[in-house]
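> Mind looking at a prediction? Sequence and model below.
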Amino acid sequence: MKLDIDFIRSQFPAFSEPSLQGWAFFENAGGSYPCKHVIDRLTTFYTKNKVQPYYPYPASLKAGEMMDYSYQRMAEYLNVSASEIHFGPSTTQNVYVLANAMRPMWQEGDEIIVSCQDHEANAGAWRRLADRGMKIIEWHVDAQEGMLSTEKLKGLFTERTIMVAFPHCSNVIGYMNPVKEISRMAHDHGALSVVDGVGWAPHGFPDLKDLGADIYLFSSYKTYGPHLGVMYVKESLIEKLENQSHFFKKGITRNMITPAGPDHAQIGAIGGVLDYFDAVYKHHFEEEATAAEKNQTLNRLFREHENELLQPLLDFLRSRTDVRMVGPDTLENRAPIVSILPRKKTIEEVYAGLTQHKLMLGSGDFYAVRPLMDMDIPTNPGVIRMSFVHYTTKEEVDQLIEGLETAL
């Protein structure tokens, strides 16, 4: 079964927007286009249900139902319990709240291993705990390719290790780390596994029960939805966290680590992401399946399409002597997140040329300051990053390659 790209793009209003015609979008790691299902749900909430939810009148009841639907459907796709799903304003803020909620669990001098491959969202708040008695152990990346070594990790564990924080996939390196293996290593040492899934989730929602992480975080605005952070916290763990909400919310797990209160409308809309996945599955497959089974099938479908598009881009970049690819240059365990450094022109010159070719992409450090530092890459100007997802077409990748050829 091949991905029906015409059907996929029909689900995203951006692809019929006149002002975007001719432009190819390659900054998906910074935020994806929203699907129509999310836009419809958000519009419905704001026009019909923008009231306090869970009161016994129709508009309020429906608002609560839309929110509950989002928690339940997200949990079903991630193969966990709805009580383990939390929606906050962003992944950065979710980690900040988590760090404060978890600190009372630990003793002064306990050790947290934090990778240097992370987006700062899953790094900064943990590192700040050094000011509150914790010891931070740096898990550095390889200086050449930016990879994390599990062999190096083995040597970082001690009897005081209580947590390992690392990314599923770096947002500049593009390599998918072996989460199951790292989580097992952490658990073997009595430590927690905390995974930043922001870079990987746009390419396939994980089966969290299979993955084995204790905490997994990603951003719904990078997975076709509204601007929220999605946070999974294992049920046995959340009961140990210090309540970060109002004192009378203690014990209400949905509220304990969202102190500012939920954004009702956006939570009500996030269920549209899962409606979109349902629609894609139904269009391509006749077999009945659970949400978790649909997710696994769609992951394969999306990955096959993305790899078909990624291969020619990698081949082109490997053929050039005037550009350096940051990270591995093969398809194996790689997401379509490709960062480059021009060798003969400045980043500003190449980036300007790509923009003239009607290519929308990014340049800078992308808050991945630490891996760039480990690789001795100046964070200013940083790198040029090209990232795409399953709604990208072969024609758009051809446009990207043509633009690179001209700009370089």
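Yep, that arrived.

> residue boundaries of the strands in the stretch 201-350 of the chain?
215-219, 229-233, 323-326, 337-342 (DSSP state E, counting those that start in this stretch).

> Show me what the shortest one is packed against.
If you count contacts as 3 or more Cβ pairs under 8 Å, 6 or more residues apart in numbering; DSSP states H and E, strand 323-326 packs onto helix 291-318, strand 337-342. Placement of C-beta: from N, CA and C, glycine included.

> What residues sit buried inside the longest one?
The one in question is helix 291-318. Residues of helix 291-318 classed as buried: 291-292, 294-299, 301-303, 305-306, 309-310, 313-314, 316-317 (neighbour count, 16 or more other Cβ atoms under 10 Å).

> thinking again about what came up before, same list (the strands of the stretch 201-350 of the chain) but as JSON lines, adding mean neighbour count and mean pLDDT.
Formatted as JSON lines, the strands of the stretch 201-350 of the chain follow (neighbours: other Cβ atoms under 10 Å; pLDDT from 0 to 100):
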{"stretch": "strand 215-219", "mean neighbour count": "27", "mean pLDDT": "97"}
{"stretch": "strand 229-233", "mean neighbour count": "24", "mean pLDDT": "97"}
{"stretch": "strand 323-326", "mean neighbour count": "20", "mean pLDDT": "97"}
{"stretch": "strand 337-342", "mean neighbour count": "24", "mean pLDDT": "98"}
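
> Any idea which of those gets closest to residue 9?
When these are compared by Cβ to Cβ, strand 337-342 sits nearest residue 9, at 20.7 Å.

> how far away is residue 78 from residue 159?
33 Å (Cβ to Cβ, to the nearest Å).

> what does residue 313 give?
Applying Cβ to Cβ to residue 313 and residue 159 gives a distance of 46 Å.

> do the same with residue 200
31 Å.

> Then residue 197?
From residue 197 to residue 159 the distance is 29 Å (Cβ to Cβ).

> re earlier: and residue 78 and residue 159? Which one has more around it.
Neighbours per residue, other Cβ atoms under 10 Å: of residue 78 and residue 159, the larger number sits with residue 78, 25 against 7.

> show me what contacts the residue lying closest to the more buried one once chain neighbours are set aside?
Nearest residue to residue 78 in three dimensions, chain neighbours excluded: residue 208, at 4.8 Å (Cβ to Cβ, 6 or more residues apart in numbering). Residues near residue 208 by Cβ atoms under 8 Å, 6 or more residues apart in numbering: 78-80, 216, 232.
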